[in-house]
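**Student:** no sequence on hand, only this structure:
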Ligand SMILES: Cc1ncc(COP(=O)(O)O)c(C=O)c1O
C-alpha cells in the first residue's frame, strides 16, 4: 500500500520538534548540531529572534494579499536587493524551482521581443541542479532526474563541467543564455573558478547572450559575500535566488537587469504567493541581518576556522576522507568511504551533514554558527569518522 506521504524521499528516522540556532532537538530530547541547515535554507539558524519577530509581527497584521495590490514589504525587499546587487528589478517566487522557470521564460521572451526568436537554447553543465519542474530537470539533464519524465522541455544543451573548448564550440546563433551555479551544491560542492566565471561573462558579452547564475544554494552570504559571483568581480544578467533569502520561510526571487527583463511586461508572468507579505517581511529581516556591518566578515572568519578544522579531520582520517573543497560556509568533504556511511555515522554522533554527488558530504551550517559550535561540530564529526573507520576495519 502506498504511504500517506508520496514516497519520493528517503527519510532518516529522525523527527525534530524544535530548533535553536545551530541545534535541532529530536522528539526524544537528543540535541543534533545542524550542519545542513535545511540544505542551506536556515541561513540564520533556527528560530532567530529577529526572524521570529518579523514573521509574528507581520502575521498579526496581514498574512496574504494578492499581487493585484501593492505589497509594501515586497517593495522594500525588492529595493534592498536592487541596492545591494547588480539587479535593476526583482520578481518574487516561492522556491528555487520557480526561479528557474522564470529565468528560462525571461531569456526566451527577451530574445523574442528583440527580434531574435530563434535564440531559445540555454547551455547548462553536467552535475548541475536547477530544481524538479519540467524546465528544471530539462536544464540539469541528468538521467537520474529525467528518466521516465519525457518528453522533456526542449532547448537545453548540457556541457561537461569546466571544459572551455566544449563551451566555446557549443555557442551558436540559437544560443540564448548560459545557466550555471557558481558553486554546484547537489553536484558535490564544485566551485567554478573565478577565471571560468569571468570567461563565461566574456563569452556571453562576445556573442550577445545572457548569463543566468543559479545562486539558490550558494547565495545570501553562504560563501562569505552576499552572492558568490561577487568573488569573481563579474555580474550576471539574471540570477536565481531562494533558500537562504527566506531563512526557512518559502521565498525565492529572480533578479535581473532592466535589459534582460525587458520582455516581462504586465501579464507575462505571475504567482499567487510569490512576494507575499509574510515571506517578504522575513526576507527583509534576513537581508538586513546579512548585510549589516561585519556580518559577512564574520562568515569569512568562521569559514576559515571551519575549513582549517576540516583539513585536520581529513589528515586524521585519510581512509574516510580525501579532501575538503568549497567556498565560505559551503563546504564539501570528498569521501573515500561511502558518503552515506558518513551521514549515517553523523546521526549516531548527533551531527547532521548532507550527502551530495561525487561521494561528497556537504556542510552548510547556519551562517550564525559560533566558534564553540564549530569546535563541537569537529568533535562530533571526528566521532562519526572514527565509527566509519572502525566499521571498515
Ligand atoms: C542550485 C539550486 N537550484 C535550484 C534548486 C531548486 O530549489 P527548490 O528546491 O527551492 O525548488 C536547488 C535546490 O536544492 C538548488 O540547489
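**Tutor:** That came in fine, so what should we check first? Since this is a predicted model, take the numbers as computed values, not measurements.

**Student:** against which helices or strands is the helix or strand hosting residue 279 packed?
**Tutor:** For residue 279, the enclosing helix or strand under DSSP states H and E is helix 277-291. Judged by 3 or more C-beta pairs under 8 Å, 6 or more residues apart in numbering; DSSP states H and E, the packing partners of helix 277-291 are helix 49-61, helix 72-84. The way it works is simple: take the backbone N, C-alpha and C, and place the C-beta from them, glycine included.

**Student:** quick check: residues of the stretch 101-250 of the chain near the ligand?
**Tutor:** Proximity of the stretch 101-250 of the chain to the ligand, by C-beta under 6 Å from any ligand atom, involves residues 129-131, 181, 185-186, 214, 216-217, 242.

**Student:** filter the residues you listed down to the buried ones.
**Tutor:** Burial by neighbour count, 16 or more other C-beta atoms under 10 Å: within these this picks out 129-131, 181, 185-186, 214, 216-217, 242.

**Student:** ok, which pair from those is furthest apart?
**Tutor:** By the measure C-beta to C-beta, 186 and 242 form the most distant pair in these, at 13.6 Å.

**Student:** quick check: phi and psi at whichever residue of the stretch 51-200 of the chain sits closest to the ligand.
**Tutor:** As assessed by C-beta to the nearest ligand atom, the ligand sits closest to residue 96 within the stretch 51-200 of the chain, at 2.3 Å. Here is the backbone geometry of residue 96 (degrees, to the nearest 10): phi -70, psi -40.

**Student:** now do residue 332
**Tutor:** phi -130, psi 140.

**Student:** can you give me the neighbour number for the nearest residue to it once chain neighbours are set aside?
**Tutor:** Among residues not flanking residue 332 along the chain, residue 189 sits closest, at 2.9 Å (C-beta to C-beta, 6 or more residues apart in numbering). Per other C-beta atoms under 10 Å, the neighbour tally for residue 189 reads 27.

**Student:** if we can go back for a sec, tabulate the residues of the stretch 101-250 of the chain next to the ligand (CSV), appending pLDDT.
**Tutor:** Below are those laid out as CSV (pLDDT from 0 to 100):
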residue, pLDDT
129, 98
130, 98
131, 98
181, 98
185, 98
186, 98
214, 98
216, 98
217, 98
242, 98
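
**Student:** in strands, which of those appear?
**Tutor:** In this view, those that belong to strands under DSSP state E are residue 214.

**Student:** let me know the closest of the residues of the stretch 101-250 of the chain next to the ligand to residue 363.
**Tutor:** Nearest member of those to residue 363, counting by C-beta to C-beta, is residue 185, at 11.6 Å.

**Student:** of the helices and strands packed on helix 277-291, which approaches residue 365 most closely?
**Tutor:** helix 49-61 (16.6 Å).

**Student:** and the closest one, what's buried?
**Tutor:** 51, 54-55, 58.

**Student:** from memory residue 160 sits against residue 128, does it?
**Tutor:** No - counting by C-beta atoms under 8 Å, residue 160 sits too far from residue 128 to count as a contact (11.3 Å).

**Student:** who's in contact with the residue nearest in space to the middle of the chain?
**Tutor:** For the chain, residue 217 is the residue whose C-alpha lies nearest the centre (C-alpha atoms, centre = their mean; 1.0 Å). Contacts for residue 217 (C-beta atoms under 8 Å, 6 or more residues apart in numbering) come out as 39-40, 96, 181, 183, 185-186, 243, 330, 364.

**Student:** which among these count as buried?
**Tutor:** Using 16+ other C-beta under 10 Å as the threshold, 40, 96, 181, 183, 185-186, 243, 330, 364 are the buried ones among the contacts of residue 217.

**Student:** in helices only, show me those.
**Tutor:** Counting by DSSP state H, the buried ones among the contacts of residue 217 place 40, 96 in helices.

**Student:** need the buried ones among the contacts of residue 217 in TSV (columns: distance to residue 9).
**Tutor:** Shown next, in TSV, are the buried ones among the contacts of residue 217 (distance: C-beta to C-beta, whole Å):
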residue	distance to residue 9
40	17
96	17
181	22
183	24
185	17
186	14
243	17
330	23
364	18
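
**Student:** ranges for the strands of the stretch 51-200 of the chain?
**Tutor:** 89-93, 121-125, 156-159, 175-180, 183-184, 190-191 (DSSP state E, counting those that start in this stretch).

**Student:** ok, back up a step: more neighbours, residue 160 and residue 128?
**Tutor:** Between residue 160 and residue 128, counting by other C-beta under 10 Å, residue 128 is the more crowded of the two (23 against 12).

**Student:** many thanks, I have nothing further to ask.
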